[in-house]
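*Asks:* Turn this into a model:
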Amino acid sequence: MVERQLQARGIGDERVLAAMGQVPREEFVSAGLRNRAYADSALSIGSEQTISQPWIVAAICQALRLQGPELVLEVGTGSGYSAAVLSLLAGHVVSVERHEELSRSAERTLTSLGIGNVELVVGDGSLGVPERAPFDAVAVHATAPSPPPALLAQLVDGGRLVVPIASGEADMLTVLRRQGERFETETIGPCRFVPLIGEEGFGAK
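*Replies:* Numbers count the residues shown, from 1 in each chain. Presented below is the predicted three-dimensional model:
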């Protein structure tokens, strides 16, 4: 997976590659999908949610440019796989999920793997977790209509938000870097995610 799917497609951050190689992806999917755990595709995890393909997870992590001590906010815990990867790249991860059953399942898996620096929260991820802000980086695993203002406000100066933005036929994975009250924007490329449901996403359900 690391060489064929990640390095061959432009993932060069050695810390990200090492983390992706260390986390057992098969632990985050159902027994019936374990033979496809490392396939270059998203897989269903229930509740109309998916575990992102490995390249997408690596691309988001690389775009965050983590050095090790950071406090990271993750929006969309899902299976907990991306949080597990982030746990090896940052000092502490706060991960918010709107589906309580997914959050509980992720907690069981993370605990079974001995991952102790991930804090799980159930709530509206589009609003972030203001009581734990500011964050050095924010990773969003769902497509937003535009960068959620609440998440931008919870970034430290110099911090990065990586979020898929709805754009025509394809979502565009986008990086926003805070520079005081301004934000520098960079587009990584097209992607496909489930919609960000919430007050500052596509509306509550």
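*Asks:* so where is this structure shaky, pLDDT-wise?
*Replies:* The model of the chain has pLDDT under 70 over residues 1, 204-205.
*Asks:* What's the biggest helix in it, counting residues?
*Replies:* The single longest helix within the chain, with elements called by DSSP state H, is helix 100-112.
*Asks:* Distance from the helix or strand that that helix is followed by to the middle of the chain?
*Replies:* Note on helix 100-112: by DSSP states H and E, the next helix or strand toward the C-terminus is strand 118-122. Chain-centre distance of strand 118-122: 13 Å, with CA atoms, centre = their mean, to the nearest Å.
*Asks:* buried stuff in strand 118-122?
*Replies:* Within strand 118-122, the residues scored as buried using 16 or more other CB atoms under 10 Å are 118, 119, 120, 121. Any C-beta I mention is one placed from the backbone N, CA and C, and that applies to glycine too.
*Asks:* okay, now the closest residue to the last one other than its chain neighbours: neighbour count?
*Replies:* Right, residue 121. Closest residue to residue 121 apart from its sequence neighbours, by CB to CB, 6 or more residues apart in numbering: residue 96 at 4.4 Å. Number of residues near residue 96 (other CB atoms under 10 Å) recorded here: 23.
*Asks:* backbone phi and psi for residue 96, please?
*Replies:* phi -110, psi 140 (degrees, to the nearest 10).
*Asks:* Hmm, residue 126 and it touching each other?
*Replies:* No: in this structure, residue 96 is not within contact of residue 126 by CB atoms under 8 Å, at 9.3 Å.
*Asks:* if I look at those two, which residues touch both of them?
*Replies:* Shared contacts of residue 96 and residue 126, defined by CB atoms under 8 Å, 6 or more residues apart in numbering, comprise residue 75.
*Asks:* And the longest strand belonging to the chain, how far out from the chain middle?
*Replies:* Ranked by residue count under DSSP state E, the longest strand found in the chain is strand 155-167. Relative to its chain's centre, strand 155-167 lies at 11 Å (CA atoms, centre = their mean).
*Asks:* As a check, name the ranges of all strands in the chain.
*Replies:* So, for the chain - with DSSP E - the strands run 43-46, 49-51, 71-75, 92-97, 118-122, 135-140, 155-167, 170-179, 182-191.
*Asks:* Take those and lay them out in CSV including distance to residue 23.
*Replies:* Conversion of the strands of the chain to CSV gives the following (distance: least, CB to CB, whole Å):
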stretch, distance to residue 23
strand 43-46, 15
strand 49-51, 12
strand 71-75, 14
strand 92-97, 13
strand 118-122, 12
strand 135-140, 15
strand 155-167, 18
strand 170-179, 20
strand 182-191, 20
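*Asks:* picking up where we left off before, let me see the contact set for the residue nearest to residue 121.
*Replies:* Residue 96 neighbours (CB under 8 Å, 6+ apart): 73-77, 120-125, 128-129.
*Asks:* Bridged to it, which residues?
*Replies:* Listed beta-bridge partners, residue 96: residue 75, residue 121 (assigned using DSSP bridges).
*Asks:* Can you give the contact residues for stretch 19-30?
*Replies:* 1-2, 6, 11, 34, 36-38, 43, 45-46, 51, 54, 57-58, 61, 79-81, 84-85, 88-89, 106, 109, 112-113.
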